[in-house]
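Participant: show me how the following folds:
(one chain, ligands or ions: 1)
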Amino acid sequence: MLLDKHSDKKHRGEGLNALKNSDKKIYELMRKESKRLGVCEEYHAGQFGDLKEADRQVYKLITKEYERLQNTLQLIAAENQCSRAVLAALGSLVQNKTAEGFPGARLHGGCEVVDRIEQLAAARAKQAFCAQYANVQPHSGTQANQIVLTALLERGDKILSMGTDQGGHYSHGMKESFTGKFFDVENYYLNKQTFLLDYDAIRQQAIKVKPKLIICGASAYARTIDFKKFREIADEVGAYLLADVSHISGLIIAGAHPSPVDCAHFTTTSTYKPGGPRGGVVIMGRDRDRQIKVNGKNTALWERIQKMTFPGVQGTPYFNHIAAKAVFFKETLSDEYKARQFKTKENAKWLAIDLLDLGYDVLTGGTDNHMVLINVGNLRKGLTGLVAQKCLEECGIIVNMNQLPYDEKPAMVGSGIRLGTPVVTKNGMGNKEMDGISGLIDAVLKEVKIIGDSEYKIDGSFKEQMKNKVKELCGKFPMR
Ligand SMILES: *Cc1c(COP(=O)(O)O)cnc(C)c1O
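Facilitator: Coordinates of the predicted model:
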């Protein structure tokens with residue numbers, strides 16, 4: 001029998017009363033427990049009031065950011081929107097705990113609770129990725145990569161990775177990055193005609209370069225990555241394989257993209273891109289216990305990763321972030337999360353189709369993930385990624401410029417923009433809205449008067465009109 005809310009409440013009351021009469025001891029324990037939990041909740045409940053009183057300026061700025069997020073379209077592929085449960089964990093007092101090391105082996109007292117939080121987060125991360133090892137301590141995706149690199153390589157060792165100008169990430173060995181400064185980095189390139197990964201060419205290059213580490217995974221690549229092929233190449237040349245799946249880790253968890261966990265020796269990701277708190281993780285599959293020789297002594301790879309996390313690269317873990325990771329990884333196990341990842345991918349596909357229909361040059365002709373890369377230079381002569389980003393932003397559409405493979409424009413200008421669908425999907429938008437969004441983008445990019453690589457003019461009343469249209473659309477899909 002279905003009970004309505006009112007009677008449900010009433011029945012629960014009856015149950016408690018019955019318990020009070022039949023088992024006073026258990027009843028008292030339950031009451032105490034809920035009172036104990038209530039005190040902690042009360043401690044955290046006044047947070048926004050406290051902030052408002054203590055710092056009006058920051059309070060107002062956060063309010064402004066809320067309004068910006070609510071009233072403009074978030075189409076940055078590297079962004080997502082975490083739940084309020086994740087926000088609550090981030091803003092909790094576990095952030096005050098100082099500890100070093102890992103659960104059971106800390107250098108400070110009083111760690112029994114944070115040990116359990118970290119163990120829970122790691123267990124859930126393992127479950128989410130079907131993995132055998134998870135390290136939830138990295139403060140970011142970049143640091144997760146630093147940990148892996150320093151665990152495997154000595155100064156001057158060779159890395160083969162995708163260049164940033166091709167869609168790779170800075171932490172894969174860009175010259176100015178920590179990772180490029182200390183290691184000898186060679187880049188592989190996309191096929192010049194198709195803009196796809198060319199596994200044969202990568203294999204040839206790997207045979208020639210003989211890297212100690214191959215890195216796959218990208219920040220701007222819209223097609224499926226074949227991790228198995230990468231591993232075959234790595235095995236052939238005796239290299240380790242790191243799969244950095246920051247952008248697509250949500251899809252991987254949901255089964256919407258093949259998983260690298262048992263192909264690569266190491267998998268890394270940021271945790272905010274799939275929709276959790278800021279931070280990173282290192283994941284391992286079947287190579288967890290493989291041995292590595294360090295200073296003449298054998299160590300398991302996973303132990304080496306722990307050591308290079310602390311004291312190797314980081315100091316104290318951020319337990320509020322680790323608690324938030326635990327909350328997030330629990331969310332990823334839900335049907336809602338998994339379905340949303342497929343929907344995110346579908347929305348990106350629709351966006352690509354709509355833009356193709358409007359005459360846009362969508363790189364590789366579409367997408368297999370959550371992002372769409374567009375060459376705006378091929379839409380209108382002289383239009384750069386930078387101008388596209390700026391004029392879209394003035395109209396309430398938030399995207400980022402992107403240097404495309406073999407781009408003639410410099411990185412800070414670019415010929416492209418990159419769109420992503422995680423946030424709009426989270427807020428409930430679907431195919432129809434993707435159609436509307438591509439129409440809005442098109443209206444702006446065809447209206448703008450191009451003056452130079454970074455200069456343009458846009459009519460004031462047109463801008464207002466567009467902003468209002470965007471606001472109206474977003475108003476129908478409030479932040480969740
Ligand atoms: C975003 C990204 C990272 C970096 O994550 P941060 O947490 O911002 O440091 C690393 N690798 C790839 C491929 C990324 O896209």
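Participant: please name the nearest non-neighbouring residue to the residue in the chain that the ligand sits nearest to.
Facilitator: Residue nearest to the ligand within the chain: Gly141 (2.5 Å; CB to the nearest ligand atom). C-betas here are computed from N, CA, C, even on glycine. Excluding its sequence neighbours, the residue lying closest to Gly141 (CB to CB, 6 or more residues apart in numbering) is Ser270, at 3.2 Å.
Participant: give me the beta-bridge partners of the one you found?
Facilitator: On the basis of DSSP bridges, Ser270 is bridged to Gly280.
Participant: can you give me the offset of stretch 207-221 from its chain's centre?
Facilitator: 20 Å (CA atoms, centre = their mean, to the nearest Å).
Participant: phi first, then psi, for the nearest residue to Tyr188 once chain neighbours are set aside.
Facilitator: Leaving aside its chain neighbours, Tyr188 sits nearest to Ile202 (4.7 Å; criterion: CB to CB, 6+ apart). In terms of degrees, to the nearest 10, the main-chain angles of Ile202 are phi -60, psi -40.
Participant: tally of neighbours for Ile202?
Facilitator: When counting by other CB atoms under 10 Å, one arrives at 20 neighbours for Ile202.
Participant: check contacts around it.
Facilitator: Leu160, Tyr188, Phe230, Ile233 (CB atoms under 8 Å, 6 or more residues apart in numbering).
Participant: so the third one: helix, strand or coil?
Facilitator: So the one you mean is Phe230. helix (DSSP: H, G, I helix; E, B strand; the rest coil).
Participant: still on that earlier bit, the residue of the chain closest to the ligand contacts Gly280, doesn't it?
Facilitator: Yes. Using CB atoms under 8 Å, Gly141 is in contact with Gly280, at 4.4 Å.
Participant: wait, Val413 touches Leu386, no?
Facilitator: Yes. Using CB under 8 Å, Val413 is in contact with Leu386, at 4.7 Å.
Participant: of the contacts of Ile202, which belong to strands?
Facilitator: Judged by DSSP state E, strands contain the following of those: Leu160, Tyr188.
Participant: if we can go back for a sec, so what pLDDT did the residue of the chain closest to the ligand get?
Facilitator: On pLDDT, Gly141 comes in at 98.
Participant: for Asn400, same thing?
Facilitator: pLDDT, read off for Asn400, is 97.
Participant: burial count for it?
Facilitator: That count, for Asn400 with other CB under 10 Å as the rule, works out to 22.
Participant: how close does the residue nearest to Tyr188 get to Ile159?
Facilitator: Ile202 sits 13 Å away from Ile159, going by CB to CB, to the nearest Å.
Participant: next one: Tyr170
Facilitator: 13 Å.
Participant: for the two, list the residues in contact with both.
Facilitator: Thr179.
Participant: among the two, which residue is more densely surrounded?
Facilitator: More neighbours surround Ile159 than the other of Tyr170 and Ile159, with 25 against 16 (other CB under 10 Å).
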